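J.: using only what follows, build the 3D model:
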Amino acid sequence: MHIIKDDELGPLIQSDLSDFVSLSSVMTDLSHEEIPRQLIGRLLLEASKCEEMLDDFGVLRNEYWAPVRMSVAVAKAFSRLIYNLFHISRSARGYNLLDVEGDFNAATQHSLYTLLRAFSKASGNFMKVARKMKLDKNLLPVEEYGFRDVLIDGKLEANRKQKTVENPRETAVYLATNLLNLAEESSWLDVYRKLEPDKYHTCIPDVVSEAQLRYLADNFHSMQSLYDTYLSGSDMVEKDDKLLVMRGQITVVFHLLDTAVTLVHFYERHALKNWNKKLKPPITNTELLNIIIGYFVAYADKYISATQELCRDILKSYAVQGEIEVPIPNYRGFHVRPSTLIAKISIHYGSEVKMILGETVYDASLPLELFRANEELNRRKRDAVARYIIEHKLIKNDAGSTYDSPLMKKILRVIFLDLLEKQKIMIYDNDFSFEDLSPYENETLAEFIKRAIALYLAMGKIDIVSGDTVSFQGDKRVLEDIRTLAENGYGEDKFGNNIVLPKNLSYLKR
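T.: Here you go, the predicted structure:
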């Protein structure tokens, strides 16, 4: 492969660059209010074509042609950003957007005009380079392209037959559940509330990064596609406005995040290091960060947050009810950790879930309610071990007998070790001793041992393995998460140590 000289490349690619150069020239002549959306779309197409062509010639490693390649990359990024903002601006009124803090429409227009001015400036900078390199021959005026805005003052009759979808309720519940999970995963988007604008630069890329934004954008895009495939145009959507509203929030968040990916990429790749004497930055880092964090990240967070209550309403409307039976937590029953995790699951979905123990019903969304169940559980544990003690051969053969204190303690130790061996009890205190416990006057052996076990249980030195179970009733999706939690020890091992929960319960860590 032979080496092309710097001044030989221009004539080779002049015709292929002509549309991009012509349109860049047009961008410098029009005010930002006059720039049509179609011009931006055509520039995106031409910049993409030119970028690929220039890369084939190896311009990235050539000092003379590198400014042209960089200008094309900037044009590609800005045209994509601006085209998306045009779309958001024109389509937002059809998204059934929920009310959020701030004026979204005004913020969209402000960001759009700021980027249009920057793009116009970037195009002017490129044209200076293009003229020096004699790439500005035979430029076409804007009229030659026939760009025009189509005035839309009506819509076609909606006469397409509605489709019947299999299991639409399951799709609605799945989408609402996924959106709630993504809301937990995207909690970092509230970074704009924690920083003053002059500190926005400190959160990129440690908090706000291209990779994290792309991950969220892809997930929201998948949800939008799922909705359009299985719910859009169905009779179910026509009957329930909440589903249309949910789709609108998913869509606007996707467009905000997807566009932010491009802008953060531009900031990291170009704004921080790539400008040189031939090409000046078309926008200040302050303006850029205000748009990234103050507009794209902020409004994505606001619409995600606003949608959570809507999703919970959808779950209440469409969730299938069920019941599960699970074992009680191994370590001290429903104490702080298991009760809190169960409540977080219930609150996360916003569904009413009940825990049932015997004849008593508890609200699973309230940890204090679940704490109350320990009173009944401890009574059952004491009764269970009392039955075992009464049937033990050392007690059964000496019912009602009393002995001196040393002998009663010795028998207590034997029965205690027997309970431990048969896994009827668990010991939590390594410094366990029977020496500080003495029988009361006229207390029988059975009474003394039952009192000792009850005392050690109340002091937290031991726990009684009763094998009891509880039932939960409510939304099946919530119950499945509670079942998974129970299968994983309610987040702790049998000694109360924290354990890692499965990935599908990762939202509980936040």
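
J.: tell me which residues in the helix or strand of the chain with the lowest mean pLDDT are buried?
T.: When each helix and strand of the chain is scored by mean pLDDT, DSSP states H and E, helix 393-396 comes last, with a mean of 77. Applying a neighbour-count criterion of 16 or more other CB atoms under 10 Å, one finds I395 buried in helix 393-396. (C-beta placed from N, C-alpha, C; glycine too.)

J.: same for that helix, what does it pack against?
T.: Packing partners of helix 393-396 (3 or more CB pairs under 8 Å, 6 or more residues apart in numbering; DSSP states H and E): helix 405-421, helix 445-458.

J.: of the ones you listed, give the one that comes closest to P205.
T.: Distances from P205 to each of the helices and strands packed on helix 393-396 were compared using CB to CB; the minimum, 52.5 Å, belongs to helix 445-458.

J.: and the contacts of the closest one?
T.: Applying CB atoms under 8 Å, 6 or more residues apart in numbering, the contact partners of helix 445-458 are 378, 381-382, 385-386, 389-390, 394-395, 398-403, 408, 411-412, 415-416, 419, 425, 434, 437, 439-440, 443, 462-464.

J.: buried subset of those as a ChimeraX selection?
T.: Of those, the buried ones go into a single ChimeraX selection, burial set by 16+ other CB under 10 Å:
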select :378,381,382,385,386,389,395,402,408,411,412,415,416,419,425,439,462,463,464
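
J.: the contacts of helix 445-458 in helices, which ones?
T.: Judged by DSSP state H, helices contain the following of the contacts of helix 445-458: 378, 381-382, 385-386, 389-390, 394-395, 408, 411-412, 415-416, 419.

J.: let me know the closest of the residues you listed to A298.
T.: Of all these, A298 sits closest to N378, with 49.6 Å by CB to CB.

J.: contacts only, for the nearest residue to L394 once chain neighbours are set aside.
T.: Counting by CB to CB, 6 or more residues apart in numbering, I411 is the residue found nearest to L394 once chain neighbours are left out, at 5.6 Å. Taking CB under 8 Å, 6+ apart as the contact definition, I411 lies against 394, 403, 445, 449.

J.: could you say what helices and strands the top helix by length along the chain packs with?
T.: Scanning the chain for the longest helix, with DSSP H as the assignment, gives helix 104-132. In this structure, helix 104-132 makes packing contacts with helix 6-29, helix 66-91, helix 285-291, judged by 3+ CB pairs under 8 Å, 6+ apart.

J.: and the angle from the first one to helix 104-132?
T.: Using axes from the mean of the first three to the mean of the last three CA atoms, to 10 degrees, the direction of helix 6-29 lies 140 degrees away from that of helix 104-132.

J.: so which other helices or strands are in contact with helix 6-29?
T.: With contacts defined as 3+ CB pairs under 8 Å, 6+ apart, the secondary structure elements packing on helix 6-29 are helix 37-56, helix 66-91, helix 104-132.

J.: run the last query once more with 6 Å
T.: The contact analysis (3 or more CB pairs under 6 Å, 6 or more residues apart in numbering; DSSP states H and E) places helix 6-29 against helix 37-56, helix 104-132.

J.: so for it, what gets flagged as buried?
T.: Buried residues in helix 6-29, defined by neighbour count with 16+ other CB under 10 Å: 9-10, 13, 17-28.

J.: from the chain's centre, how far out does that helix sit?
T.: 44 Å (CA atoms, centre = their mean, to the nearest Å).

J.: can you offset everything so residue one is 148?
T.: Okay, using 148 as the starting number, the last item reads as helix 153-176.

J.: what sits up against that helix?
T.: When contacts are taken as CB atoms under 6 Å, 6 or more residues apart in numbering, the neighbours of helix 153-176 outside the stretch itself are 190, 193, 197, 200, 211, 267, 270-271, 273-274, 277, 282-283, 286-287, 289.

J.: which among these count as buried?
T.: Neighbour counting over these (16+ other CB under 10 Å) leaves 190, 193, 197, 200, 267, 270-271, 273-274, 277, 282-283, 286, 289 as the buried ones.

J.: contact partners for R295?
T.: Taking CB under 6 Å, 6+ apart as the definition of contact, R295 has no neighbours.

J.: tell me the phi and psi of it?
T.: When quoted as degrees, to the nearest 10, the phi and psi of R295 stand at phi -160, psi 150.

J.: same check on D622?
T.: Per degrees, to the nearest 10, the residue geometry at D622, taken as phi and psi, is phi -60, psi 130.

J.: quick check: phi and psi at V617.
T.: Dihedral angles (degrees, to the nearest 10) for V617: phi -130, psi 160.

J.: gap between L391 and L457?
T.: Look at L391 and L457: by CB to CB, to the nearest Å, they are 11 Å apart.

J.: picking up where we left off before, tell me the helix or strand right after the longest helix of the chain.
T.: Under the assignment DSSP states H and E, the closest C-terminal helix or strand after helix 251-279 is helix 315-332.

J.: next, the buried residues of that next one.
T.: Under the neighbour-count criterion of 16+ other CB under 10 Å, helix 315-332 has 315, 318-332 buried.

J.: got the contact list for it?
T.: Contacts of helix 315-332 from elsewhere in the structure, counted by CB under 6 Å, 6+ apart, are 366, 370, 377-378, 381, 383, 451, 455, 458, 461-462, 465-466, 624, 654, 657.

J.: looking at these, spot the one nearest I235.
T.: Ranked by distance to I235 (CB to CB), those are led by I451 at 15.6 Å.

J.: that older thread, pick the one among the contacts of I558 closest to D387.
T.: Out of these, the member with the shortest distance to D387 (by CB to CB) is I596, at 62.4 Å.

J.: per-residue pLDDT of the closest one, please?
T.: Per-residue pLDDT puts I596 at 83.

J.: tally of neighbours for it?
T.: Counted with other CB atoms under 10 Å, the burial measure for I596 works out to 26 neighbours.

J.: one more: T433?
T.: Taking other CB under 10 Å as the neighbour definition, T433 ends up with a count of 12.

J.: measure it to N477 for me?
T.: Going from T433 to N477 by CB to CB gives 55 Å.

J.: likewise for G614?
T.: Looking at G614 against N477, where the rule is CB to CB, the gap reads 11 Å.

J.: ditto for K571
T.: Remark: distance between K571 and N477 (CB to CB) = 13 Å.

J.: and what of S165?
T.: Applying CB to CB, one obtains 75 Å for the distance of S165 from N477.

J.: go on, S333?
T.: Distance from S333 to N477, counting by CB to CB: 34 Å.

J.: before we move on, what about D382?
T.: Here D382 is placed at a distance of 49 Å from N477 (CB to CB).

J.: pick out whichever of these two has more residues nearby.
T.: Neighbour totals were compared for D382 and N477, and N477 leads with 17 against 12 (other CB under 10 Å).

J.: dihedrals phi and psi, the more buried one?
T.: According to degrees, to the nearest 10, N477 has phi -60, psi -40.

J.: thought it was touching K641?
T.: Yes: contact status for N477 versus K641: in contact at 4.5 Å, counting by CB atoms under 6 Å.

J.: now H234. Nearest residue, chain neighbours left out?
T.: Residue nearest to H234 in three dimensions, not counting chain neighbours: H402, with 6.7 Å by CB to CB, 6+ apart.

J.: quick revisit: which of the buried residues of helix 315-332 has the weakest pLDDT?
T.: When these are compared on pLDDT, P315 comes out lowest, with 79.

J.: coming back round to it: got CSV for the contacts of I558, with distance to D246 too?
T.: Written out in CSV, the entries for the contacts of I558 read as follows (distance: CB to CB, whole Å):
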residue, distance to D246
L541, 72
Y550, 76
L592, 71
I596, 65
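
J.: closest to V411 among these?
T.: If you rank the contacts of I558 by distance to V411 using CB to CB, I596 comes first, at 68.2 Å.

J.: re the thing from before, let me have the buried ones among the contacts of helix 153-176 in JSON lines, extended by distance to R340 and pLDDT.
T.: JSON lines is the format used below for these (distance: CB to CB, whole Å; pLDDT from 0 to 100):
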{"residue": "L190", "distance to R340": "35", "pLDDT": "96"}
{"residue": "E193", "distance to R340": "40", "pLDDT": "96"}
{"residue": "C197", "distance to R340": "41", "pLDDT": "95"}
{"residue": "M200", "distance to R340": "44", "pLDDT": "95"}
{"residue": "S267", "distance to R340": "32", "pLDDT": "93"}
{"residue": "S270", "distance to R340": "35", "pLDDT": "94"}
{"residue": "G271", "distance to R340": "37", "pLDDT": "92"}
{"residue": "F273", "distance to R340": "38", "pLDDT": "92"}
{"residue": "M274", "distance to R340": "41", "pLDDT": "93"}
{"residue": "A277", "distance to R340": "44", "pLDDT": "92"}
{"residue": "L282", "distance to R340": "47", "pLDDT": "91"}
{"residue": "D283", "distance to R340": "47", "pLDDT": "89"}
{"residue": "L286", "distance to R340": "47", "pLDDT": "90"}
{"residue": "V289", "distance to R340": "43", "pLDDT": "86"}
